[in-house]
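**Q** Got a predicted structure here, sequence first:
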Amino acid sequence: YIALATQPTIIAYNDVALLPTAGDQHSLQLNEYIWVSGTLYVNVGGAPVSNSIEVSTRADALDFNQKSYVTVDGITFTGAGTYTLQNSTSGSNNTVHNSNIYNSYEGIWVTTTGGNFSVINNTIHDLNEYGVSIDNGSGHLVQGNTIYNVGSPRIGAQTNMQGIYINAAGGIVEKNLIHDGGNLNNGNSGGTEHCIYYGGSNITIRYNVFHDWTGTGFKSAGCATCNAYYNIVYHNGYMGAQLYGGSSNVNIFNNVFYNNGQGPYGYGGFHLVNQGGLSTNVVLKNNIFLNNTNVNVAGEQVTIDLAPAGFAEDYNLLYSSTGTNLAQYNGVDYTWSAWKTAGFDTHGVNANPNFSNVATGYFTLLSTSPAINVGANLGATYQYGLSPSSVWPSAVSTFNQNSYGSGWDMGAFVFNPVIPAPATAFFISVP
């Protein structure tokens, strides 16, 4: 035990945050702590090494309030009891770049009415809630970040275990790697645990990788003119993507949804929920849905509640190795042939897409893939798909769909045929 006059917000031992105990100082489990009346008790499996315990009593690490054009570059932040970095009243054009944020309650918190907040190339991890939360303003950019382990029960309750939350009047979220977060032990079904949750208007979600979260890869609610394209979404426990009611003019194009819904409440690859108002003009094209799991209907990849106005789904690949009902619309389950007869995915594909290596998260297309050259041409806004050589988040690059093959490809990657190198020597056998 250690004498400590002020109640701490974060306790870390050898740079790893300890957990607050649910018991008392007499029943501490390994790597737990409790503060009682000016004394800190810890259990680290023995006597702590000198200077190895870090104690934080601060709520915030850095406050941008009423500041503009501030750049934070290459700084490590840890141990914030509330927000690591916040911009809550006014200020604009601030940037957090190349920094490391960890072992805190929340990461970056922005609610200012000012715009153009940029979060670029940071590593954000081991937080209770929100890696990045932007809840106002416009013109924001969240790019090239690695975010993981949001949902670690460091201090207090957990409600919003989200890698990124953005609810603004304009923003781009691109080239991020968001993985391994959430915590179903809090009794939540996964409804507030997402790699990204977005709302507002004019939000673009593109070229991201979302995987192994206990909830949803990406979720949107009430978003107007919000588009998600060329994202890779796999191994998320609740579902791949969910669009809640009240959304309008939403395009979901050229994404990969693989093996989502593996948790106890799994709901497949994509779910359009018409609660909180009917969504309108939602379009799904050029996506690949492979072996997502719905606990209610084996093999179901896509679920569309009710009959939303302006809904369209075509040029998608749907395939499951575990069931024949691949989609649901307005409460009715459909086999592939019935789905096409009903007017959906009339140009779609029902076959294994032949990804390069799903076991290692490599979702490029093999030369035998039925998804090559059969997608819809979606126009100039969506012509740049992912290059097969992309690496997240440091080296994400794109190819123009119009420059490869006879048509557009389904899925997130543009197929680039590898032409064998010419022979450098010839061997001739003479009898």
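**A** Structure received. Numbering: from 1, shown residues only.

**Q** Then residue 80 would be within a strand, right?
**A** No. Counting by DSSP: H, G, I helix; E, B strand; the rest coil, one finds residue 80 to be coil, located in no strand.

**Q** could you measure the nearest residue to it once chain neighbours are set aside against residue 350, distance?
**A** Once flanking residues are discounted, residue 80 sits nearest to residue 104: 3.9 Å by Cβ to Cβ, 6 or more residues apart in numbering. Where C-beta positions appear, they are placed from N, C-alpha and C, glycine not excepted. Plainly put, residue 104 is 46 Å away from residue 350 if you go by Cβ to Cβ, to the nearest Å.

**Q** between those two, which one's more packed in?
**A** residue 104 (30 against 17; other Cβ atoms under 10 Å).

**Q** Pretty sure the more buried one sits against residue 85.
**A** No. Shown here, residue 104 and residue 85 do not form a contact pair, counting by Cβ atoms under 8 Å, at 9.5 Å.

**Q** so what sits against both of the two?
**A** 61, 77 (Cβ atoms under 8 Å, 6 or more residues apart in numbering).

**Q** If you count neighbours, what's buried in stretch 395-407?
**A** For stretch 395-407, the neighbour count (16 or more other Cβ atoms under 10 Å) marks 396, 398, 399, 401, 404, 405 as buried.

**Q** And stretch 161-172, by the same measure?
**A** 161, 162, 163, 164, 165, 166, 167, 168, 170, 171, 172.

**Q** Stretch 316-329 too?
**A** Quick answer for stretch 316-329 (16+ other Cβ under 10 Å): 316, 317, 318, 319, 320, 323, 325, 326, 327, 328, 329.

**Q** how much space between the nearest residue in space to the fifth one that is not next to it in sequence and residue 322?
**A** Yep, that's residue 320 we're talking about. Spatial nearest neighbour of residue 320, excluding adjacent residues (Cβ to Cβ, 6+ apart): residue 299 at 3.6 Å. Distance from residue 299 to residue 322, counting by Cβ to Cβ: 5 Å.

**Q** what do you get for residue 96?
**A** Taking Cβ to Cβ, one finds residue 96 at 43 Å from residue 322.

**Q** On the strand side of things, show who the nearest residue to residue 297 once chain neighbours are set aside bridges to.
**A** Among residues not flanking residue 297 along the chain, residue 325 sits closest, at 5.3 Å (Cβ to Cβ, 6+ apart). Counting by DSSP bridges, residue 325 is bridged to residue 335.

**Q** these two touch, right, residue 325 and residue 333?
**A** Yes. Taking Cβ under 8 Å as the definition, residue 325 is a contact partner of residue 333 at 4.2 Å.

**Q** The stretch 201-350 of the chain: helices as residue ranges?
**A** Assigned helices in the stretch 201-350 of the chain, in chain order: 336-341 (criterion: DSSP state H, counting those that start in this stretch).

**Q** Where does pLDDT dip in it?
**A** For the stretch 201-350 of the chain, applying pLDDT under 70 flags no range at all.

**Q** hmm, 90 instead?
**A** Residues of the stretch 201-350 of the chain meeting the criterion pLDDT under 90: 244-246, 262-266, 274-278, 306-308, 323.

**Q** again, but for the stretch 1-150 of the chain
**A** 1-25, 31, 37-38, 44-60, 65-66, 79-82, 88-91, 105, 112-114, 128.

**Q** and if we set it to 50?
**A** By pLDDT under 50, the stretch 1-150 of the chain has no low-scoring segment.

**Q** Tell me where it has helices.
**A** So, for the stretch 1-150 of the chain - with DSSP H, counting those that start in this stretch - there are no helices.

**Q** Backbone torsions only: list them for the spatially most central residue of the chain.
**A** Taking Cα atoms, centre = their mean, the centroid of the chain lies closest to residue 195, which sits 3.0 Å from it. Reported as degrees, to the nearest 10, the phi and psi values for residue 195 are phi -60, psi -40.
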